[in-house]
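Q: With the input below, show me the fold.
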Amino acid sequence: MRHVLLCAARHAAPGRRLGRFALDELGSGAGLPGRVYQQGHPLWIRDLAADTASLRSRAAARIGLHVAVGVPINTGARSIGALCVYGDRIEDPEDSLTTLLVGVAAQVGQYLERRRAEELTIELARTKDEFLALVTHELRNPLAVITSTASLLEEELDGLLDADQRHYVHTILRGAGRLSVMADDLLDLAQLESGHLAIDPAPSDLAAIVEHAVAAIAAQTAEKTLTVTVDTPPRLDLYADSNRLQQVADNLLSNAVKYTPAGGTITITATTDPDQAWITWTFTDTGIGIGIPAADRPHLFRRFYRASTALDRRIPGTGLGLVITRTIIERHGGTITLANHNAPGTTFHIRIPTEPHITTDP
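A: You can find the predicted model right below:
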(Lines give C-alpha, C1' and ligand atoms only; values in the text may rest on other atoms or scores of the structure.)
Protein backbone atom coordinates (compact mmCIF):
# COMPACT_ATOMS: atom_id res chain seq x y z
CA MET A 1 0.00 0.00 0.00
CA ARG A 2 1.38 3.42 -1.00
CA HIS A 3 1.00 6.10 1.68
CA VAL A 4 0.79 9.78 0.77
CA LEU A 5 1.89 12.50 3.20
CA LEU A 6 -0.13 15.72 3.12
CA CYS A 7 1.43 18.99 4.25
CA ALA A 8 -0.56 20.02 7.35
CA ALA A 9 1.41 23.20 8.20
CA ARG A 10 4.30 25.18 6.76
CA HIS A 11 6.27 28.21 7.97
CA ALA A 12 8.90 30.22 6.10
CA ALA A 13 10.85 33.37 6.92
CA PRO A 14 9.30 36.58 5.51
CA GLY A 15 10.39 37.26 1.96
CA ARG A 16 11.61 33.72 1.20
CA ARG A 17 9.92 32.30 -1.88
CA LEU A 18 9.57 28.55 -1.65
CA GLY A 19 8.64 27.96 -5.29
CA ARG A 20 8.60 24.27 -6.36
CA PHE A 21 10.04 23.27 -2.99
CA ALA A 22 6.63 23.79 -1.33
CA LEU A 23 4.86 20.56 -2.24
CA ASP A 24 1.46 19.74 -0.72
CA GLU A 25 1.84 15.97 -1.18
CA LEU A 26 4.75 13.54 -0.91
CA GLY A 27 4.79 9.79 -1.31
CA SER A 28 6.22 7.53 1.36
CA GLY A 29 10.02 7.40 0.87
CA ALA A 30 10.11 10.59 -1.26
CA GLY A 31 12.06 13.58 0.01
CA LEU A 32 13.12 14.03 3.61
CA PRO A 33 9.56 13.87 5.07
CA GLY A 34 8.79 10.67 3.12
CA ARG A 35 12.03 9.00 4.21
CA VAL A 36 11.59 9.97 7.87
CA TYR A 37 8.02 8.66 7.80
CA GLN A 38 9.05 5.43 6.10
CA GLN A 39 12.10 4.71 8.26
CA GLY A 40 10.61 5.91 11.55
CA HIS A 41 13.74 7.60 12.99
CA PRO A 42 15.41 11.06 12.80
CA LEU A 43 17.43 11.94 9.68
CA TRP A 44 19.92 14.76 8.99
CA ILE A 45 20.89 16.10 5.58
CA ARG A 46 24.11 18.04 6.17
CA ASP A 47 24.33 19.46 2.63
CA LEU A 48 21.13 19.62 0.56
CA ALA A 49 23.06 20.48 -2.60
CA ALA A 50 25.00 17.20 -2.25
CA ASP A 51 21.81 15.14 -1.83
CA THR A 52 21.55 14.52 -5.58
CA ALA A 53 19.18 11.56 -5.14
CA SER A 54 16.39 13.88 -4.00
CA LEU A 55 14.69 16.36 -6.33
CA ARG A 56 13.25 18.13 -3.30
CA SER A 57 16.69 18.59 -1.74
CA ARG A 58 17.94 20.17 -4.94
CA ALA A 59 14.85 22.45 -5.02
CA ALA A 60 15.64 23.49 -1.43
CA ALA A 61 19.28 24.21 -2.33
CA ARG A 62 18.16 26.44 -5.21
CA ILE A 63 16.27 28.75 -2.83
CA GLY A 64 19.23 29.03 -0.44
CA LEU A 65 18.52 26.21 2.02
CA HIS A 66 21.56 24.10 2.89
CA VAL A 67 20.80 21.76 5.81
CA ALA A 68 17.72 19.82 6.99
CA VAL A 69 16.66 17.57 9.85
CA GLY A 70 13.49 15.51 10.16
CA VAL A 71 11.93 13.50 13.01
CA PRO A 72 8.91 11.15 12.89
CA ILE A 73 5.56 12.07 14.43
CA ASN A 74 4.28 9.02 16.27
CA THR A 75 1.09 7.98 18.03
CA GLY A 76 2.07 5.01 20.15
CA ALA A 77 4.22 2.70 18.04
CA ARG A 78 2.83 3.98 14.73
CA SER A 79 4.34 6.74 12.62
CA ILE A 80 1.75 9.14 11.20
CA GLY A 81 3.93 11.85 9.71
CA ALA A 82 7.17 13.83 9.90
CA LEU A 83 8.34 17.14 11.32
CA CYS A 84 11.11 18.61 9.14
CA VAL A 85 13.20 21.78 9.59
CA TYR A 86 15.36 23.31 6.84
CA GLY A 87 18.17 25.80 7.50
CA ASP A 88 20.23 28.22 5.42
CA ARG A 89 23.71 27.37 6.76
CA ILE A 90 25.70 24.16 6.76
CA GLU A 91 26.38 22.70 10.21
CA ASP A 92 27.05 19.38 11.87
CA PRO A 93 24.17 17.43 13.36
CA GLU A 94 23.45 18.47 16.95
CA ASP A 95 22.01 15.97 19.42
CA SER A 96 20.35 18.77 21.40
CA LEU A 97 18.46 20.02 18.35
CA THR A 98 17.34 16.50 17.45
CA THR A 99 16.17 15.90 21.02
CA LEU A 100 14.23 19.17 20.97
CA LEU A 101 12.50 18.33 17.70
CA VAL A 102 11.68 14.80 18.91
CA GLY A 103 9.98 16.37 21.94
CA VAL A 104 8.01 18.78 19.75
CA ALA A 105 7.00 15.93 17.42
CA ALA A 106 5.84 13.87 20.42
CA GLN A 107 3.58 16.75 21.54
CA VAL A 108 2.18 17.07 18.03
CA GLY A 109 1.54 13.32 17.92
CA GLN A 110 -0.31 13.40 21.26
CA TYR A 111 -2.42 16.34 20.11
CA LEU A 112 -3.36 14.59 16.87
CA GLU A 113 -4.20 11.41 18.75
CA ARG A 114 -6.48 13.29 21.16
CA ARG A 115 -8.17 15.16 18.34
CA ARG A 116 -8.77 11.93 16.42
CA ALA A 117 -10.22 10.29 19.55
CA GLU A 118 -12.56 13.26 20.04
CA GLU A 119 -13.66 13.11 16.40
CA LEU A 120 -14.34 9.38 16.71
CA THR A 121 -16.33 9.95 19.92
CA ILE A 122 -18.49 12.60 18.23
CA GLU A 123 -18.99 10.39 15.18
CA LEU A 124 -19.90 7.41 17.36
CA ALA A 125 -22.45 9.47 19.30
CA ARG A 126 -23.98 10.79 16.07
CA THR A 127 -24.16 7.31 14.54
CA LYS A 128 -25.68 5.91 17.74
CA ASP A 129 -28.39 8.58 17.80
CA GLU A 130 -29.17 8.05 14.12
CA PHE A 131 -29.39 4.29 14.68
CA LEU A 132 -31.69 4.71 17.69
CA ALA A 133 -33.94 7.09 15.76
CA LEU A 134 -34.09 4.69 12.79
CA VAL A 135 -34.85 1.66 14.95
CA THR A 136 -37.45 3.61 16.92
CA HIS A 137 -39.27 4.73 13.77
CA GLU A 138 -39.23 1.19 12.42
CA LEU A 139 -40.61 -0.17 15.71
CA ARG A 140 -43.47 2.25 16.10
CA ASN A 141 -45.48 1.22 13.04
CA PRO A 142 -45.64 -2.55 13.73
CA LEU A 143 -46.27 -1.87 17.42
CA ALA A 144 -49.20 0.38 16.52
CA VAL A 145 -50.61 -2.40 14.32
CA ILE A 146 -50.21 -5.00 17.09
CA THR A 147 -51.84 -2.74 19.69
CA SER A 148 -54.77 -1.69 17.51
CA THR A 149 -55.42 -5.27 16.34
CA ALA A 150 -55.32 -6.68 19.88
CA SER A 151 -57.62 -3.88 21.12
CA LEU A 152 -60.06 -4.54 18.29
CA LEU A 153 -59.99 -8.26 19.05
CA GLU A 154 -60.69 -7.57 22.71
CA GLU A 155 -63.61 -5.26 21.94
CA GLU A 156 -65.22 -7.32 19.17
CA LEU A 157 -64.91 -10.71 20.85
CA ASP A 158 -65.26 -9.68 24.48
CA GLY A 159 -68.29 -11.89 25.09
CA LEU A 160 -66.86 -14.82 23.12
CA LEU A 161 -63.44 -15.06 24.77
CA ASP A 162 -62.88 -17.29 27.75
CA ALA A 163 -60.70 -16.26 30.70
CA ASP A 164 -57.48 -17.69 29.27
CA GLN A 165 -58.01 -16.05 25.90
CA ARG A 166 -58.71 -12.66 27.52
CA HIS A 167 -55.52 -13.09 29.55
CA TYR A 168 -53.53 -13.73 26.35
CA VAL A 169 -54.97 -10.62 24.68
CA HIS A 170 -54.19 -8.51 27.75
CA THR A 171 -50.64 -9.88 27.76
CA ILE A 172 -50.21 -8.81 24.11
CA LEU A 173 -51.53 -5.33 24.91
CA ARG A 174 -49.30 -4.91 27.96
CA GLY A 175 -46.18 -6.08 26.08
CA ALA A 176 -46.90 -3.87 23.07
CA GLY A 177 -47.63 -0.95 25.40
CA ARG A 178 -44.28 -1.30 27.17
CA LEU A 179 -42.43 -1.49 23.85
CA SER A 180 -44.31 1.58 22.59
CA VAL A 181 -43.28 3.54 25.69
CA MET A 182 -39.66 2.47 25.20
CA ALA A 183 -39.75 3.44 21.50
CA ASP A 184 -41.20 6.86 22.34
CA ASP A 185 -38.60 7.37 25.09
CA LEU A 186 -35.75 6.43 22.74
CA LEU A 187 -36.97 8.81 20.07
CA ASP A 188 -37.45 11.62 22.60
CA LEU A 189 -34.00 11.06 24.08
CA ALA A 190 -32.22 10.96 20.72
CA GLN A 191 -33.94 14.16 19.59
CA LEU A 192 -33.46 15.97 22.90
CA GLU A 193 -29.75 15.12 23.15
CA SER A 194 -29.09 16.04 19.51
CA GLY A 195 -30.96 19.32 19.88
CA HIS A 196 -33.44 18.37 17.13
CA LEU A 197 -36.44 18.32 19.48
CA ALA A 198 -37.38 21.90 20.22
CA ILE A 199 -38.06 23.24 23.69
CA ASP A 200 -40.95 25.71 23.24
CA PRO A 201 -41.14 28.02 26.28
CA ALA A 202 -44.30 29.88 27.16
CA PRO A 203 -45.93 31.25 30.34
CA SER A 204 -46.60 28.14 32.47
CA ASP A 205 -47.85 27.18 35.92
CA LEU A 206 -45.78 24.52 37.68
CA ALA A 207 -48.45 24.03 40.36
CA ALA A 208 -50.95 23.03 37.67
CA ILE A 209 -48.41 20.67 36.10
CA VAL A 210 -47.91 18.90 39.46
CA GLU A 211 -51.68 18.72 40.05
CA HIS A 212 -52.21 17.13 36.63
CA ALA A 213 -49.45 14.54 37.23
CA VAL A 214 -50.96 13.54 40.59
CA ALA A 215 -54.45 13.22 39.09
CA ALA A 216 -53.17 11.11 36.18
CA ILE A 217 -51.64 8.52 38.51
CA ALA A 218 -54.41 8.54 41.13
CA ALA A 219 -55.63 5.04 40.27
CA GLN A 220 -52.17 3.54 40.84
CA THR A 221 -51.62 5.38 44.13
CA ALA A 222 -55.04 4.25 45.35
CA GLU A 223 -54.31 0.64 44.39
CA LYS A 224 -51.14 0.69 46.56
CA THR A 225 -52.77 2.85 49.28
CA LEU A 226 -50.06 5.45 48.87
CA THR A 227 -50.40 8.91 50.41
CA VAL A 228 -49.42 11.69 48.00
CA THR A 229 -48.76 15.06 49.65
CA VAL A 230 -48.38 18.17 47.51
CA ASP A 231 -46.97 21.38 49.00
CA THR A 232 -46.95 24.15 46.38
CA PRO A 233 -48.38 27.68 46.14
CA PRO A 234 -51.75 28.01 44.33
CA ARG A 235 -49.78 29.23 41.31
CA LEU A 236 -46.11 28.90 40.47
CA ASP A 237 -45.41 30.93 37.35
CA LEU A 238 -42.41 30.33 35.11
CA TYR A 239 -41.52 30.65 31.45
CA ALA A 240 -40.94 27.08 30.22
CA ASP A 241 -42.18 24.27 27.97
CA SER A 242 -45.15 23.00 30.00
CA ASN A 243 -45.42 19.78 27.97
CA ARG A 244 -41.82 18.86 28.71
CA LEU A 245 -42.11 19.75 32.39
CA GLN A 246 -45.25 17.60 32.51
CA GLN A 247 -43.07 14.78 31.20
CA VAL A 248 -40.63 15.42 34.06
CA ALA A 249 -43.40 15.37 36.67
CA ASP A 250 -44.94 12.21 35.21
CA ASN A 251 -41.56 10.41 35.09
CA LEU A 252 -40.54 11.23 38.65
CA LEU A 253 -43.97 10.55 40.12
CA SER A 254 -44.26 7.26 38.21
CA ASN A 255 -40.85 6.20 39.57
CA ALA A 256 -41.90 7.11 43.11
CA VAL A 257 -45.07 5.01 42.82
CA LYS A 258 -43.16 2.03 41.42
CA TYR A 259 -40.48 2.08 44.11
CA THR A 260 -42.64 2.89 47.14
CA PRO A 261 -44.13 -0.11 48.98
CA ALA A 262 -47.87 -0.23 49.74
CA GLY A 263 -48.91 2.22 52.44
CA GLY A 264 -45.95 4.54 51.79
CA THR A 265 -45.81 8.28 51.25
CA ILE A 266 -44.82 10.48 48.32
CA THR A 267 -44.22 14.19 48.87
CA ILE A 268 -43.91 16.84 46.17
CA THR A 269 -42.86 20.38 47.06
CA ALA A 270 -42.14 23.45 44.98
CA THR A 271 -41.13 26.95 46.10
CA THR A 272 -39.49 30.01 44.61
CA ASP A 273 -36.29 31.59 45.91
CA PRO A 274 -36.60 35.00 47.60
CA ASP A 275 -35.56 36.78 44.40
CA GLN A 276 -38.21 34.86 42.38
CA ALA A 277 -35.52 33.86 39.85
CA TRP A 278 -35.41 30.13 40.62
CA ILE A 279 -37.85 27.40 41.62
CA THR A 280 -36.78 24.51 43.86
CA TRP A 281 -38.85 21.42 43.10
CA THR A 282 -38.52 18.14 45.05
CA PHE A 283 -39.91 14.62 44.83
CA THR A 284 -39.52 12.47 47.96
CA ASP A 285 -40.72 8.91 48.50
CA THR A 286 -40.46 6.32 51.25
CA GLY A 287 -39.26 3.72 48.78
CA ILE A 288 -37.31 0.49 49.14
CA GLY A 289 -34.25 0.44 51.39
CA ILE A 290 -32.19 3.45 52.41
CA GLY A 291 -32.47 5.24 49.10
CA ILE A 292 -30.43 4.31 46.04
CA PRO A 293 -27.20 2.39 46.84
CA ALA A 294 -24.01 4.50 46.71
CA ALA A 295 -22.54 2.28 43.96
CA ASP A 296 -25.53 3.03 41.71
CA ARG A 297 -25.60 6.80 42.17
CA PRO A 298 -22.88 7.79 39.66
CA HIS A 299 -24.67 5.79 36.92
CA LEU A 300 -28.25 6.77 37.72
CA PHE A 301 -28.65 9.21 34.79
CA ARG A 302 -27.03 6.88 32.24
CA ARG A 303 -29.03 5.34 29.42
CA PHE A 304 -30.68 2.00 30.24
CA TYR A 305 -29.13 1.90 33.71
CA ARG A 306 -31.29 0.23 36.37
CA ALA A 307 -30.45 0.46 40.05
CA SER A 308 -29.57 -2.85 41.70
CA THR A 309 -32.56 -2.48 44.05
CA ALA A 310 -34.90 -2.35 41.04
CA LEU A 311 -33.30 -5.37 39.40
CA ASP A 312 -33.36 -7.41 42.62
CA ARG A 313 -37.08 -6.77 43.07
CA ARG A 314 -37.90 -7.13 39.36
CA ILE A 315 -39.44 -3.66 39.18
CA PRO A 316 -40.23 -2.94 35.50
CA GLY A 317 -38.66 0.00 33.70
CA THR A 318 -36.58 1.02 30.69
CA GLY A 319 -33.78 2.97 32.40
CA LEU A 320 -34.56 5.99 30.18
CA GLY A 321 -36.94 8.11 32.28
CA LEU A 322 -34.29 9.78 34.43
CA VAL A 323 -32.05 10.43 31.42
CA ILE A 324 -34.92 12.17 29.61
CA THR A 325 -35.84 14.06 32.78
CA ARG A 326 -32.30 15.39 33.27
CA THR A 327 -32.01 16.37 29.60
CA ILE A 328 -35.27 18.34 29.73
CA ILE A 329 -34.26 20.13 32.94
CA GLU A 330 -30.79 20.96 31.58
CA ARG A 331 -32.27 22.24 28.31
CA HIS A 332 -34.28 24.66 30.48
CA GLY A 333 -31.05 25.83 32.17
CA GLY A 334 -31.76 23.94 35.39
CA THR A 335 -30.25 21.06 37.38
CA ILE A 336 -31.48 17.83 38.93
CA THR A 337 -29.63 16.02 41.73
CA LEU A 338 -30.18 13.06 44.00
CA ALA A 339 -30.21 14.07 47.67
CA ASN A 340 -28.27 12.23 50.37
CA HIS A 341 -30.35 11.16 53.34
CA ASN A 342 -30.46 8.26 55.77
CA ALA A 343 -34.22 7.73 55.80
CA PRO A 344 -35.83 5.09 53.57
CA GLY A 345 -36.58 6.21 50.05
CA THR A 346 -35.27 8.75 47.59
CA THR A 347 -35.36 12.52 47.11
CA PHE A 348 -34.74 14.31 43.80
CA HIS A 349 -33.98 18.06 43.91
CA ILE A 350 -34.67 20.19 40.84
CA ARG A 351 -33.68 23.83 40.39
CA ILE A 352 -35.17 25.55 37.39
CA PRO A 353 -35.17 29.24 36.39
CA THR A 354 -38.45 31.15 36.21
CA GLU A 355 -37.26 33.21 33.25
CA PRO A 356 -36.05 31.90 29.84
CA HIS A 357 -32.75 30.02 30.09
CA ILE A 358 -33.41 27.60 27.23
CA THR A 359 -30.20 26.04 25.93
CA THR A 360 -29.76 25.03 22.29
CA ASP A 361 -26.61 22.89 22.61
CA PRO A 362 -27.18 19.08 22.45
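
Q: Surely Gly29 is in a strand?
A: No - judged by DSSP: H, G, I helix; E, B strand; the rest coil, Gly29 forms no part of a strand; its state is coil.

Q: so what does the helix or strand harbouring Glu118 touch, helix or strand wise?
A: Per DSSP states H and E, Glu118 falls inside helix 95-156. Counting contacts by 3 or more CB pairs under 8 Å, 6 or more residues apart in numbering; DSSP states H and E, helix 95-156 is packed against strand 67-75, strand 78-87, helix 163-194. All C-beta atoms are positioned from the backbone trio N, CA, C, and that covers glycine.

Q: Can you redo these as TSV, where the extra columns are distance to Thr337 and mean pLDDT?
A: Shown next, in TSV, are the helices and strands packed on helix 95-156 (distance: least, CB to CB, whole Å; pLDDT from 0 to 100):
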stretch	distance to Thr337	mean pLDDT
strand 67-75	39	84
strand 78-87	43	83
helix 163-194	19	73
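
Q: about what we covered before: what angle sits between the helix holding Glu118 and strand 78-87?
A: 140 degrees (axes from the mean of the first three to the mean of the last three CA atoms, to 10 degrees).

Q: any weak-confidence spans in the stretch 1-150 of the chain?
A: By pLDDT under 70, the weakly predicted segments of the stretch 1-150 of the chain are 1-2, 9, 15, 90-93, 124-138.

Q: nope, the stretch 151-300 of the chain is what I was after
A: 157-161, 190-197, 288-300.

Q: and this protein, what are its domains?
A: 4-93, 120-194, 202-353 (automatic domain parsing).

Q: Among these, which comes closest to Ala106?
A: The closest of the domains of the chain to Ala106 is domain 4-93. By CB to CB, the value is 7.2 Å.

Q: so how far is the closest one from its chain's centroid?
A: Remark: domain 4-93 is offset 42 Å from the chain centroid, using CA atoms, centre = their mean, to the nearest Å.

Q: And stretch 332-344, by the same measure?
A: On CA atoms, centre = their mean, the centre of stretch 332-344 falls 21 Å from that of its chain.

Q: Quick check: end-to-end length of that stretch?
A: 30 Å (CA to CA, to the nearest Å).

Q: re the thing from before, nearest approach to Gln107 belongs to which of the domains of the chain?
A: Across those, closest to Gln107 is domain 4-93 (CB to CB), at 9.6 Å.

Q: quick revisit: what's the angle from the helix holding Glu118 to helix 163-194?
A: 150 degrees.

Q: circling back to that earlier point, need the domains of the chain in JSON lines (columns: distance to Tyr111).
A: Shown next, in JSON lines, are those (distance: least, CB to CB, whole Å):
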{"stretch": "domain 4-93", "distance to Tyr111": "10"}
{"stretch": "domain 120-194", "distance to Tyr111": "15"}
{"stretch": "domain 202-353", "distance to Tyr111": "30"}
